[in-house]
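Novice: Fold the stuff below for me.
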Amino acid sequence: MIAMDNKYLLSQESPMKQCYDNFDVSEIGLSPEQYKIMAMKTPIQQTTNLLLTDWKRRVYFQNIIASITGISGSGKSSFISSCALTLGKISKESMHYDYDPFTVENVYYEPAEIRDRIPTLKEGEILLRDEHLHGQAGIGSDLTTAVLKDAEQQLRKRKNSFFFASIEQEDHSTFFNFSTKHIISDQTGYPRFVIAMLSTPLYSNENIFVWRGLVSMPFPSKEYWVAYEKRKDDHIALLVKQYGNNYSSASIDAINIVKKFHDELIFRTREGLVKPIKTDSVERIVYDEIGTRKYTNKIYSMLISEIQERLIKEYKEQNDAKLIEIEARKEKAVLEKKEILQMQIDEARRIKEAKMLAFQEKLAEDRRRNDLKEQALKIRENELLIARAKKEQKEKMRSDGSIDHFKEGFV
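Specialist: Below is the predicted model of the structure:
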């Protein structure tokens, strides 16, 4: 049983999410470029420590979904492997598992392989899907299935985490998005550290990911890396044995179809984004062009995926710029509304303050007048008292004859 006074159990709220949410709220209105500047200025160790602190808390309450993107040879597999190994070590130490949550046997390349493994997963086990091999083989990355997407959420309570490596960002329920930046080697040229940029969602818009800071992970041990390379080679050999030369042929067909039917294979959204047409529409073009008997259903599916991914990659930079522009417009509109609202609030406050000042001045004037009236009344009262006293004195003197006696003295 884990002691509940552990410092990572004090709050179920993610330390990293708290940190970045507070920053987003306090600095609302920053552009993506400004976030990049802030991220590059943040010390690597600071972001790395915050990430590890966050994972140390998460292993008690939930799973972790993280992905990394980058070109071939940029260190995607080594970085994401190191993440999985690090999380596995944290989980084993924190939860006292009698097994290793992550080993090279937990690395897969096909959604179907992961789907078949899910029923036998132990609590806290971690799976890694390295998707970039498909791009190297020229057959597309075979998008993650609905079954796997469901599993990402369903296995949250069992604390089964998922890591993904791919050339292009795919649709995973992730909070942690990495992009490869640097590989640091020792004097012999062997990699020591892999550095990637961490992006997480904006507090004001969870669909927009912004740079947060660089994260450094140690390059996996030589023992793991040798086993990883062997597993990768075995997988490629199995694919070649299973499908033969259809890989290269399908890739060539994909390239030719994109060139020939390029404009028919894309559409523009109302916001100006360029996207591939739906899968069934691509399928019709493919079947009309090369027939329905050239490949197996599996190869056709991969061919169609590659066509879509080529188009996604072609317009990625343009779409990213457009998304930034759209988000900037939205944020500008929000800020303008806030400015107008603030102006209205300020004007209402000014009017209220003016009315209050006028009211206070009126009260002061009324108080001054009342004071004058009170002073006049007191003076009048004093005068009346003096006059009354004199009158009473005269009447008293008259009644006792003192006045007549006084007069006789002068006769």
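
Novice: For residue 255, give me its contacts.
Specialist: residue 310 (CB atoms under 8 Å, 6 or more residues apart in numbering). The way it works is simple: take the backbone N, C-alpha and C, and place the C-beta from them, glycine included.

Novice: at 7 Å what do you get?
Specialist: For residue 255, no contacting residues are found, by CB atoms under 7 Å, 6 or more residues apart in numbering.

Novice: and it, which of the three is it?
Specialist: Following DSSP: H, G, I helix; E, B strand; the rest coil, residue 255 is assigned to helix.

Novice: per-residue pLDDT, it?
Specialist: Listed pLDDT for residue 255 reads 87.

Novice: quick one: it from residue 316, how far?
Specialist: 18 Å (CB to CB, to the nearest Å).

Novice: go on, residue 102?
Specialist: 31 Å.

Novice: cool, residue 55 as well?
Specialist: 29 Å.

Novice: So for the two, which sits in the more crowded spot?
Specialist: residue 55 (23 against 13; other CB atoms under 10 Å).

Novice: just how off-centre is the host helix or strand of the more buried one within its chain?
Specialist: Using DSSP states H and E, the element containing residue 55 is helix 44-61. Computed by CA atoms, centre = their mean, to the nearest Å, the chain-centroid distance of helix 44-61 equals 15 Å.

Novice: Give me the helices and strands touching that helix, please.
Specialist: Applying 3 or more CB pairs under 7 Å, 6 or more residues apart in numbering; DSSP states H and E, one finds that helix 44-61 contacts helix 15-26, helix 76-95, strand 191-201, strand 209-218.

Novice: quick check: mean pLDDT across the second one?
Specialist: Averaging the model's pLDDT scores along helix 76-95 yields 94.

Novice: other SSEs contacting the next helix or strand after that helix?
Specialist: Note on helix 76-95: by DSSP H and E, the next helix or strand toward the C-terminus is strand 107-108. The contact analysis (3+ CB pairs under 7 Å, 6+ apart) places strand 107-108 against strand 126-130.

Novice: Which parts of the strand it packs on count as buried, going by neighbours?
Specialist: 126-130 (16 or more other CB atoms under 10 Å).

Novice: Save these as a markdown table, and put in pLDDT and distance to residue 271 too.
Specialist: Shown next, in a markdown table, are the buried residues of strand 126-130 (pLDDT from 0 to 100; distance: CB to CB, whole Å):
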| residue | pLDDT | distance to residue 271 |
| --- | --- | --- |
| 126 | 95 | 37 |
| 127 | 93 | 35 |
| 128 | 94 | 34 |
| 129 | 89 | 31 |
| 130 | 86 | 33 |
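
Novice: Tell me the one of those nearest residue 281?
Specialist: residue 129 (27.5 Å; CB to CB).

Novice: for that closest one, what are its contacts?
Specialist: Residue 129 touches 108-109, 114, 164, counting by CB under 7 Å, 6+ apart.

Novice: right, so of the helices and strands packed on helix 44-61, which gets closest to residue 176?
Specialist: Closest among the helices and strands packed on helix 44-61, using CB to CB: strand 191-201, at 6.6 Å.

Novice: need the contact list for residue 21.
Specialist: If you count contacts by CB under 7 Å, 6+ apart, then residue 21 has residue 203 around it.

Novice: shaky segments in the protein?
Specialist: Applying pLDDT under 70 to the chain flags the ranges 1-12, 72, 131-154, 167-173, 240, 242-248, 401-411.

Novice: Can you pull the domain assignment for it?
Specialist: 8-243, 252-344, 361-398 (automatic domain parsing).

Novice: count of neighbours near residue 307?
Specialist: Using other CB under 10 Å: residue 307 sits among 25 other residues.

Novice: tell me which element it falls in.
Specialist: helix 297-399.

Novice: Now do residue 114 against residue 162, distance only.
Specialist: Counting by CB to CB, the gap from residue 114 to residue 162 is 8 Å.

Novice: again, but for residue 258
Specialist: 31 Å.

Novice: cool, and residue 259?
Specialist: Taking CB to CB, one finds residue 259 at 36 Å from residue 162.

Novice: More neighbours: which of the two?
Specialist: When residue 259 and residue 162 are compared on other CB under 10 Å, the one with more neighbours turns out to be residue 162, at 23 against 9.

Novice: quick one: secondary structure of that one?
Specialist: Going by three-state DSSP: residue 162 is strand.

Novice: Residue 65 is in contact with that one, correct?
Specialist: Yes. Residue 162 is in contact with residue 65 according to CB atoms under 7 Å; the separation is 5.2 Å.

Novice: which helices and strands sit right next to the helix or strand hosting residue 40?
Specialist: Element membership for residue 40 (DSSP H and E) is helix 32-41. In terms of contacts (3+ CB pairs under 7 Å, 6+ apart), helix 32-41 is packed against strand 209-218.

Novice: what's the strand it packs on in contact with?
Specialist: 20, 32, 35-36, 39, 42, 44, 46-48, 51, 79, 82-83, 86, 177-178, 181, 192-202.

Novice: re earlier: in its sheet, what does the helix or strand that the helix holding residue 55 is followed by sit against?
Specialist: Later in the chain than helix 44-61, the nearest helix or strand by DSSP H and E is strand 65-69. Strand 65-69 has the following sheet partners, assigned by DSSP bridges: strand 161-166 (parallel), strand 176-185 (parallel).

Novice: what's the most buried one of those?
Specialist: Highest mean neighbour count of the strands paired with strand 65-69: strand 161-166, a mean of 26 (counted as mean count of other CB atoms under 10 Å).

Novice: And for the residue nearest the centre of the chain, nearest residue in space, chain neighbours not counted?
Specialist: By CA atoms, centre = their mean, the chain has its centre lying nearest to residue 201, at 1.8 Å. Closest residue to residue 201 apart from its sequence neighbours, by CB to CB, 6 or more residues apart in numbering: residue 209 at 5.7 Å.

Novice: gap between that neighbour and residue 380?
Specialist: 83 Å.

Novice: of those two, who's got more company?
Specialist: residue 209 (20 against 10).
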